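Participant: mind looking at a prediction? Sequence and model below.
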Amino acid sequence: MRDPRDIILEPIITEKTLRLKDKENKYTFKVAMDANKIEIKKAIEELFKVRVEKVNTMIVKPKPKRRGWFWGYTARWKKAIEKLKEGDKIPVFEV
């Protein structure tokens, strides 16, 4: 099994994700592209010692960007939204 720190890359902290955390107890992370929902669930449970109820994943498409004459695209990445069981919290998001 892979190391959980190779699967969970970083938390995503925006106004929208903080609203999700407060209202629905959902937390958002940037994850490895080749990670599946089962690996993500086990990694979150092992890293933060919480119980995960549900995992939703999505691939964020690259956006076109321009710098002067040159055109390019941002990187493609995978996002995971985890719903935790009632009463569980992740301290990284407690701002």
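Facilitator: In hand now; what should we look at? Numbers count the residues shown, from 1 in each chain.

Participant: my guess is residue 46 meets residue 4, correct?
Facilitator: Yes. Using Cβ atoms under 8 Å, residue 46 and residue 4 qualify as a contacting pair, with a distance of 5.0 Å. For the C-beta atoms, the positions are set from N, CA and C on the backbone; glycine is no exception.

Participant: overlap in contacts, the two.
Facilitator: Here residue 46 and residue 4 have no joint contacts, going by Cβ atoms under 8 Å, 6 or more residues apart in numbering.

Participant: which of the helices or strands spans the residue most central in space within the chain?
Facilitator: Most central in the chain under Cα atoms, centre = their mean is residue 29, positioned 1.5 Å from the mean C-alpha point. Using DSSP states H and E, residue 29 falls within strand 26-31.

Participant: which strands border that strand, and is each parallel or antiparallel?
Facilitator: Applying DSSP bridges, strand 26-31 is found paired with strand 8-11 (antiparallel), strand 77-84 (antiparallel).

Participant: what's the longest one in contact with?
Facilitator: Residues from elsewhere that reach strand 77-84 (Cβ under 8 Å, 6+ apart): 12, 20, 24-33, 35, 37, 40-41, 44, 50-60, 90.

Participant: all set, thanks.
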